[in-house]
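Q: Curious how this folds, go ahead:
(one chain, ligands or ions: 1)
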Amino acid sequence: MADLEDPGAAPYGNFPNYYTFHPPENRLSLLPPGHLLELLNRHEKGEGPLLALDVGCNTGVSGGIIRGCFMITHELSIGLYNHLLQPKGSSEALPDVHFLCCDIDPDLITRAKTGNPFPDSITFSSLDIMDPSSLDILQKFLEKFGQARFDVGFCMSITMWIHLNHGDHGLVDFLKKLTPLCDYLLVEPQPWKCYRSAARRLRKLGRQDFDHFHTLAIRGDMTEEIVTILTRHCNSQLVHRFGNTSWDRSLLLFKNRSTKLPS
Ligand SMILES: C[S@@+](CC[C@H](N)C(=O)[O-])C[C@H]1O[C@@H](n2cnc3c(N)ncnc32)[C@H](O)[C@@H]1O
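A: Presented below is the predicted three-dimensional model:
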């Protein structure tokens, strides 16, 4: 059985025990209640439901045997869903929130579906976001609600895995693909030191290196690199920095410049 403290090597970051070493609270505590909702300018958009896309959700929610008991733990997707349900003032109406959470690893999605406490509001789907056919699944979800875009897309600790597996072009294509699909993107990029650790863990297990690790030209300060990609190549503007987690990861909110919202 895997050591709960050891992340092991997972080629896509699809760690089965991810939340034992990266608890969602690290990130959620950086989001003051109601603040994200306020930044999304929802009240300017009228009545429709708030639609969110969580890309690379891992288990989102998980059930498992811990010290002999079956426990369900609510992971980051559920934490983000609950967060968006919390308006700043108690007088404000609760928004109608719907999440599409996706992950490349079907086993993680099976676990997420099994423990999903809000099946009417949170949909888990197994898909590879880099596969062109994934667009159909995202668009079908949007069509169900008669909307053209998600209000917000979450890219939490996924950019490094896209970058390592698909190279510089893959990282840029990933962000270019998501920008027109979402009014806002909340991105938590992994710093460069995580790339080195991920490559080291793979080598330690005698596995083949990531295809692109040694040839990446986009490297160094990954937060600023991602700001540059989104602002220069994806028609986005950085609207807020929520600060850094204890893992030295920043949370950045970007707005799609072509989204017609009153300023
Ligand atoms: C490190 S985990 C982060 C999980 C979660 N977003 C969080 O921050 O708590 C990265 C997740 O991205 C998923 N992933 C990696 N590449 C993906 C792809 N091409 N399409 C969809 N999911 C992907 C992995 O399976 C993994 O569960």
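
Q: Now the stretch 1-150 of the chain against the ligand: closest residue?
A: Taking CB to the nearest ligand atom, the ligand has its nearest neighbour within the stretch 1-150 of the chain at Gly56, 2.6 Å off. (C-beta placed from N, C-alpha, C; glycine too.)

Q: Looks like that residue contacts Asp103 (just checking).
A: Yes: with contact defined as CB atoms under 8 Å, Gly56 counts as touching Asp103 (5.8 Å).

Q: neighbour count winner among these two?
A: Ranked by neighbour count (other CB atoms under 10 Å), Gly56 and Asp103 place Asp103 first, with 27 against 23.

Q: Show the contacting residues for the nearest residue to the residue of the stretch 1-150 of the chain closest to the ligand once chain neighbours are set aside.
A: When the adjacent residues along the chain are set aside, Gly56 lies closest to Ile158, with 3.5 Å between them (CB to CB, 6 or more residues apart in numbering). By CB atoms under 8 Å, 6 or more residues apart in numbering, the residues touching Ile158 are 13, 55-56.

Q: swap in Leu175?
A: Leu175 touches 159, 185, 226, 229-230, 233-234, counting by CB under 8 Å, 6+ apart.

Q: Recalculate using a threshold of 10 Å.
A: Applying CB atoms under 10 Å, 6 or more residues apart in numbering to Leu175 gives the contacts 155, 159, 162, 185, 187, 226, 229-230, 233-234, 236, 254.

Q: Repeat that for Pro191.
A: 160, 220-223, 244, 247-250.

Q: Equivalent analysis for Ile226, please.
A: So Ile226 contacts 155, 159, 163, 171, 175, 185, 187-190, 218, 234, 238, 250, 252, 254 (CB under 10 Å, 6+ apart).

Q: residues near the spatially closest residue to Leu31 that is not a sequence neighbour, how many?
A: With sequence-adjacent residues excluded and distances taken as CB to CB, 6+ apart, Leu31 is closest to His83, at 5.8 Å. Neighbourhood size, His83 [other CB under 10 Å]: 20.

Q: Show the pLDDT at His83.
A: pLDDT for His83: 90.

Q: Need the three-state assignment for it.
A: Secondary structure, DSSP: H, G, I helix; E, B strand; the rest coil: His83 is helix.

Q: residues touching it, list them.
A: By CB under 10 Å, 6+ apart, the contact set of His83 is 24, 27-28, 31-37, 76, 97.

Q: can you pull up the bridge partners for Cys125?
A: I think there's a mix-up here, since residue 125 is Ser and not Cys. Applying DSSP bridges to Ser125 gives these bridge partners: Cys102.

Q: Hmm, Cys101 and it touching each other?
A: Yes: between Ser125 and Cys101 there is a contact under CB atoms under 10 Å: 7.2 Å.

Q: Give me the common contacts of those two.
A: With CB under 10 Å, 6+ apart as the test, Ser125 and Cys101 both reach 57, 109, 112-113.

Q: Adding distance to Ala198 and secondary structure, write those out as CSV.
A: Output for the shared contacts of Ser125 and Cys101, formatted as CSV (distance: CB to CB, whole Å; DSSP: H, G, I helix; E, B strand; the rest coil):
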residue, distance to Ala198, secondary structure
Cys57, 19, coil
Ile109, 22, helix
Ala112, 23, helix
Lys113, 27, helix
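
Q: Kind regards, and thank you for your time.
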